[in-house]
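# Below are the sequence and a predicted model for it; my questions follow.
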Amino acid sequence: MSYMEERRSGWLTYAAVMLFIAAGLYVIWAINLWSDAKWVSDISDGIFGDQRWLWGLFDAAMAALYLFAGKSLLDRRHFGRWVAVIAASLGILRWFYWMPFAPFLALTIVGMLFLVIYAVLATWEEEPRPAR
């Protein structure tokens, strides 16, 4: 195998790093929700009512999913592409809901996740499968 065949796409590396960053943001956001931070907006009229711990649990699960997807992309596993696209899509839906409550954070994460989906889909057929 030549050097060019062994190199991972820069887009996939970008997607994996962004998934790791998004996982970190999700962990921080989950901790803020669990601690009833005063700066988090009033979400009592939302889907889960004022049960912030449910959103925190959802965010912790998403962080774990993002870590798995990022690691899988770095390991060049085809399954990681599917997980990355599905996880990023769920994240976009989640943050569209939160846009009225945290607009800057929501727009930042939605933009980042759109680029993750683009990176994975644009390089879908380019990556060689790992030799096992």
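It's in.
# by contact count, what packs against the helix or strand Val27 falls within?
Per DSSP states H and E, Val27 falls inside helix 10-34. Packing partners of helix 10-34 (3 or more C-beta pairs under 8 Å, 6 or more residues apart in numbering; DSSP states H and E): helix 52-74, helix 78-98, helix 103-122. Backbone N, C-alpha and C define where each C-beta goes, glycine included.
# Apply 6 Å and report the result again.
Packed against helix 10-34 by the contact rule (3 or more C-beta pairs under 6 Å, 6 or more residues apart in numbering; DSSP states H and E) you find helix 52-74, helix 103-122.
# What is the burial count for Tyr14?
Using other C-beta atoms under 10 Å, Tyr14 has 17 other residues around it.
# residues touching it, list them.
By C-beta atoms under 6 Å, 6 or more residues apart in numbering, the contact set of Tyr14 is Ala119.
# If we use 8 Å, what do you get?
Counting by C-beta atoms under 8 Å, 6 or more residues apart in numbering, Tyr14 makes contact with Leu115, Ala119.
# Ok, Thr123 next?
Contacts of Thr123 (C-beta under 8 Å, 6+ apart): Ser9, Trp11, Leu12.
# Most neighbours of all the residues you listed, which one?
Sorting those by how many neighbours each has (other C-beta under 10 Å) puts Leu12 first, at 23 neighbours.
# Give me the pLDDT value at it.
In the predicted model, Leu12 carries a pLDDT score of 88.
# That one and Ile21: what is the separation?
Using C-beta to C-beta, to the nearest Å, Leu12 is found at 15 Å from Ile21.
# same check, this time on Ile117
15 Å.
# go on, Val116?
10 Å.
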